Structures are given as C-alpha cells and as structure tokens.
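J.: Here is a sequence together with a model predicted from it:
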Amino acid sequence: MSGDGTDASKRRRPNILITGTPGVGKTATASLLAERTGMKHIHIGELIQQHKCYEGRDEDLDSFILDEDKLLDLMETMLGEANLEDGVGVVCDYHACELFPERWFDLILVLRTKTDVLFDRLSKRGYSDKKRDENMECEIMQVILEEAREAYDHEIVHEVPSNTTEDIDSNIARVEAWTKQWIADKGVDDDEN
C-alpha cells in the first residue's frame, strides 16, 4: 500500500498526534478523543511492543530501544489504511514526536502537566527514581514541546494543560471543534464517513 493516506491533500479526516512527557495523560486524552470523534486511536507504545519495533532493551532506563524504521513503515501503512480505506482520521499518542514526518499530522497537541501532579502520577506507576527524575526534568525543561516546535510548523503545534479531568475534557472539546472546522474547510461532507 502506498503512503498516500499520509498526504493531507488526500485525507477526508485529520490526523492528530498527542504527545508529551510520560504521565501527562496522552493515552487517556487520545482514547476519549477517538471515542467522541470516531477517529482511530493508535497507541504507539503498544504498537511498538505488539509488532516488536525495537532493537533491544535499555535495562538502566527500563525501556525499549526503538527501531524507528520498522515503526515508521508500519505506521505509514496504518495511517494510509485508516484514511484511504476506512475514511477515518487517526489520533496517535506517543512520548516523542520529532521522528514522524510532518506530512502525517494536521495537529500536534503537546500536553503539559505541573511537576507536582506529574511526580505523583509517575510515582503511582512505580517508576524508578532515576526514570521518574529523568521524566520530571524533561517536563521542566519543556523538551517535548521544543522538539515539536522544531519538527513541525508552529501553526499546528499547540501546548495545552493536562493536570485535571477538567483540562482533559476542555482539550477534547477544543479538538472536537477544531476537527469539525478542518472537515468544513476541506469541503468534506460529514455524511461521507
């Protein structure tokens, strides 16, 4: 299958990437957004594990060593199928963003969380002190936000808070409205889906 479904000019529905430091609420936000909009949710972390898109494991950081080429090939096929064959947009969530081609996404949502909230979330997950501290530093230094701003057009990158369920609901409502406008701007009949 060609990657034509990754070309924004051929899509009938948008593709969205929700990114941020581990623990900011990416998967919760993406799942709810997909449910409310009828989009396909791709949890990239699970995809990596299911399809063994890794070259090994970093025991020190308790994480997989990503095989980017394998992941990107797999995702290009999945995005194309969702857009061209199924006629639905895709909402992806992952803690990194710069590895994905800019043409794949119409909106990049960078979730941000206060450090005290993030500390508690990561501690509840059972992260080691080293892993928790590294992720806390990443959030404090705005690493994911800066990577998104460097990798994508500034117009499609949006930083939003994700501290409470109210924040998540507000973010989803904003993206729902944005999605409807994207579809209207494309001149796509909503009944086509």
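T.: All right, it came through fine.

J.: next one: phi and psi at Arg12?
T.: Summarising the backbone geometry of Arg12 under the convention degrees, to the nearest 10, its torsions are phi -100, psi -20.

J.: Per-residue confidence, it, what does it come out as?
T.: The predicted structure scores Arg12 at 87 on the pLDDT scale.

J.: Likewise for Ser2?
T.: Value for Ser2, per-residue pLDDT: 44.

J.: Same question for the one 3 residues further on.
T.: In this prediction, Gly5 carries a pLDDT score of 57.

J.: what's the answer for Val117, then?
T.: Predicted confidence (pLDDT) at Val117: the value is 98.

J.: Mind naming the longest helix for the protein?
T.: When every helix of the chain is counted residue by residue (DSSP state H), the longest turns out to be helix 165-186.

J.: If you count neighbours, what's buried in it?
T.: Neighbour-count burial for helix 165-186, counted by 16 or more other Cβ atoms under 10 Å, picks out 167-168, 171-172, 175, 178-179, 182-183. (Glycine included, C-beta is placed from N, CA and C.)

J.: Can you get me a residue count around the residue lying closest to Thr27 once chain neighbours are set aside?
T.: Counting by Cβ to Cβ, 6 or more residues apart in numbering, Asp93 is the residue found nearest to Thr27 once chain neighbours are left out, at 5.3 Å. By the measure other Cβ atoms under 10 Å, the count of residues near Asp93 is 27.

J.: Asp93 in helix, strand or coil?
T.: Of the three states, Asp93 takes strand under DSSP: H, G, I helix; E, B strand; the rest coil.

J.: if I pick it, what's in contact with it?
T.: Taking Cβ atoms under 8 Å, 6 or more residues apart in numbering, we find Asp93 in contact with 17-19, 26-27, 29-30, 41-45.

J.: now the residues you listed in TSV, with neighbour count?
T.: Supplementary listing: those in TSV, determined by neighbours: other Cβ atoms under 10 Å:
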residue	neighbour count
Leu17	27
Ile18	28
Thr19	26
Lys26	26
Thr27	16
Thr29	24
Ala30	28
His41	17
Ile42	22
His43	18
Ile44	24
Gly45	16
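
J.: how about the helices in this protein?
T.: Along the chain, the stretches classed as helices by DSSP H are 26-37, 44-50, 68-80, 115-124, 129-140, 143-151, 165-186.

J.: Now do the last one: everything it contacts.
T.: When contacts are defined by Cβ under 8 Å, 6+ apart, helix 165-186 is touched by residues 11-14, 16, 25, 28-29, 32-33, 36-37, 39, 89, 106-107, 109, 111, 160-162, 190.

J.: Give me the buried subset of those.
T.: Neighbour-count burial within the contacts of helix 165-186 applies to 11-14, 16, 25, 28-29, 32-33, 37, 39, 89, 106-107, 109, 111, 160-162; the criterion is 16+ other Cβ under 10 Å.

J.: Just the ones in strands from the residues you listed, please.
T.: Taking DSSP state E, the ones among the buried ones among the contacts of helix 165-186 that sit in strands are 16, 107, 109, 111, 160-161.
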